[in-house]
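**Q** please find the sequence and the predicted model below.
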Amino acid sequence: MPLLHERLAEARKTLRGAGIDLEEATIDVEVLARHVLRWDRGQLLTRARDPVPAGFDPAFHLLIARRAAREPIAYIVGTREFWNLDFEVTPDVLIPRPETELLIEEAIECARRRLDVSCAIDVGTGSGCIAVAIAVEFPTARVVATDTSAAALDVARRNARRHGVGGRIEFVQTDVLEGVTRTAGLILSNPPYIPTTDAAGLQPEVARFEPAEALFAGPDGLDVVRRLLAEAPARLTEDGLLAVEFGFGQEPQVRALAAETGWTVVRVRADLQSIPRVAVLRPLRGA
C-alpha cells in the first residue's frame with residue numbers, strides 16, 4: 001500500500017516537470033495535500049508515513065494537475081492571507097501580494113502623524129483586501145472601495161462580510177474615482193501598473209490566470225496612476241494624502257508625473273527587497 005510521503009514526492013516531481021522550482025513545488029504540494037485532507041501542518045508531518053488516506057488520490061491528483069498547468073495556488077485553494085487576514089480570491093480578482101501591505105502600514109503611519117483617517121478611499125479594490133484591512137485596523141473608519149468589475153466587487157463584499165466590516169465599506173462600481181463624491185483623508189490604490197509591452201515576459205501564473213484589467217495600464221504601465229493624479233485632489237481633504245503602489249523601476253516616472261501635475265512626493269516606501277514600491281503624495285493646493 002503506498003504511503004502518503006511517497007504520493008507527495010510524486011507530486012513534487014510532477015510540479016518540477018512543469019517548470020516550478022523545488023522550493024515552491026515542495027510548499028505547493030504540502031498546501032494542496034493539507035487542503036484535501038483538512039489537516040494542519042503538524043498532522044501532515046507526523047502522519048506522512050501513514051498509508052494514503054481513503055479518497056485522497058482523486059482529489060489530490062486533480063489539484064496537482066491544475067497547479068502543473070501553472071494555475072496559481074491561491075485560485076486553487078480559494079484563499080490568500082493578507083495583513084494576517086484570510087481573503088477569498090477568485091480569477092475575477094488580483095491575488096493579494098505582501099508588498100501591498102505597505103499601503104496599510106502607511107495608513108497606520110498617517111494616523112500616528114495625526115492625519116484624519118476616519119474616511120479612506122481604496123481605488124481598484126479587487127478582492128477588497130486593502131479596504132477590509134483598513135476597516136479592521138481602524139474600527140470607526142468609513143471606507144469607499146471602487147472597482148470597474150462587478151464580479152470583483154462581489155468578491156470584495158463577501159470578504160468584508162467575512163471580517164465583519166461590511167457595514168462600514170461602501171462599494172462603488174466605477175472607473176478610478178468617477179462619480180465618487182465623498183472626500184477622504186487618505187486615498188490608497190494598488191492600480192494596474194504593468195506595461196502592456198511586458199506581457200510576454202510574465203510568469204504563466206500571472207499572464208494566463210490573473211485578470212488583465214488588474215495588471216496592465218498602457219505602454220508604460222502608468223495610465224491609471226495618471227488618472228489618480230488628475231482625479232484625487234478633488235476627493236482629498238485639505239491635508240489628505242494619496243498612497244499608490246507602483247512597479248519595479250517606475251519611481252523616476254512617478255516622481256516626474258507628480259511634479260508635472262502639481263503634487264509633492266512626501267515619501268517613497270520600499271518593500272522587503274529594498275525595491276521602491278509605494279509613493280505617498282500630497283497635492284500642491286492652488287498649483
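**A** Perfect, I can see it now.

**Q** wait, A133 touches D86, no?
**A** No: judged on C-beta atoms under 8 Å, A133 makes no contact with D86 at a distance of 11.7 Å. Backbone N, C-alpha and C define where each C-beta goes, glycine included.

**Q** name the single longest helix found in the chain.
**A** helix 22-37 (DSSP state H).

**Q** for the residue nearest the centre of the chain, which three-state class applies?
**A** Geometric centre of the chain, nearest residue: P96, 2.2 Å, by C-alpha atoms, centre = their mean. For P96, the secondary structure call by DSSP: H, G, I helix; E, B strand; the rest coil comes out as coil.

**Q** against N84, how distant is it?
**A** 12 Å (C-beta to C-beta, to the nearest Å).

**Q** ok so, going back, buried ones in the helix or strand following the longest helix of the chain?
**A** Next along the chain after helix 22-37, taking DSSP states H and E as the criterion, comes helix 41-46. Within helix 41-46, the residues that count as buried by 16 or more other C-beta atoms under 10 Å are L44.

**Q** now do stretch 228-247
**A** For stretch 228-247, by 16+ other C-beta under 10 Å, it's 228-229, 231-233, 235-236, 240-247.

**Q** straight-line length of it, end to end?
**A** 16 Å (C-alpha to C-alpha, to the nearest Å).

**Q** mind giving me the packing neighbours of whatever helix or strand A243 lives in?
**A** In the assignment (DSSP H and E), A243 maps to strand 236-245. Under the contact criterion of 3 or more C-beta pairs under 8 Å, 6 or more residues apart in numbering; DSSP states H and E, strand 236-245 touches helix 101-112, strand 184-189, helix 223-231, strand 276-283.

**Q** just the CA atoms of that strand, as CSV, please.
**A** Output of strand 236-245 as CSV, limited to C-alpha atoms (Å, rounded to 0.1, in the frame of the first residue of the first chain):
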residue,chain,number,x,y,z
LEU,A,236,-8.9,64.6,-0.7
THR,A,237,-9.4,66.7,2.5
GLU,A,238,-7.2,69.7,2.9
ASP,A,239,-4.3,67.8,4.4
GLY,A,240,-5.1,64.5,2.7
LEU,A,241,-2.6,62.1,1.1
LEU,A,242,-2.5,59.7,-1.8
ALA,A,243,-0.6,56.4,-1.3
VAL,A,244,-0.1,54.5,-4.6
GLU,A,245,1.8,51.3,-5.4
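
**Q** what angle separates it from helix 101-112?
**A** 150 degrees (axes from the mean of the first three to the mean of the last three C-alpha atoms, to 10 degrees).

**Q** average pLDDT for strand 236-245?
**A** Averaged across strand 236-245, pLDDT comes to 96.

**Q** just checking: what are the partner strands of that strand?
**A** Sheet partners assigned to strand 236-245 using DSSP bridges are listed as strand 184-189 (parallel), strand 276-283 (antiparallel).

**Q** for the ones you listed, which one ends up most surrounded?
**A** The highest average neighbour count among these, using mean count of other C-beta atoms under 10 Å, belongs to strand 184-189 at a mean of 26.

**Q** quick check: angle from that one to helix 223-231?
**A** Using the same axes, to 10 degrees: strand 184-189 against helix 223-231 is 170 degrees.

**Q** next SSE downstream of strand 184-189?
**A** helix 204-209.

**Q** for that next one, buried residues please.
**A** 205-207, 209.

**Q** wait, isn't the residue nearest to the centre of the chain in contact with V89?
**A** Yes: with contact defined as C-beta under 8 Å, P96 and V89 form a contacting pair (7.2 Å).

**Q** shared neighbours of these two, which are they?
**A** 80, 127 (C-beta atoms under 8 Å, 6 or more residues apart in numbering).

**Q** that older thread, could the helices and strands packed on strand 236-245 go into JSON lines alongside distance to T148 and mean pLDDT?
**A** JSON lines is the format used below for the helices and strands packed on strand 236-245 (distance: least, C-beta to C-beta, whole Å; pLDDT from 0 to 100):
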{"stretch": "helix 101-112", "distance to T148": "19", "mean pLDDT": "95"}
{"stretch": "strand 184-189", "distance to T148": "13", "mean pLDDT": "97"}
{"stretch": "helix 223-231", "distance to T148": "10", "mean pLDDT": "97"}
{"stretch": "strand 276-283", "distance to T148": "22", "mean pLDDT": "97"}
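
**Q** about what we covered before: and the pLDDT for the residue nearest to the centre of the chain?
**A** P96 is given a pLDDT of 98.

**Q** which residues touch it?
**A** 80-82, 87, 89, 126-127, 129.
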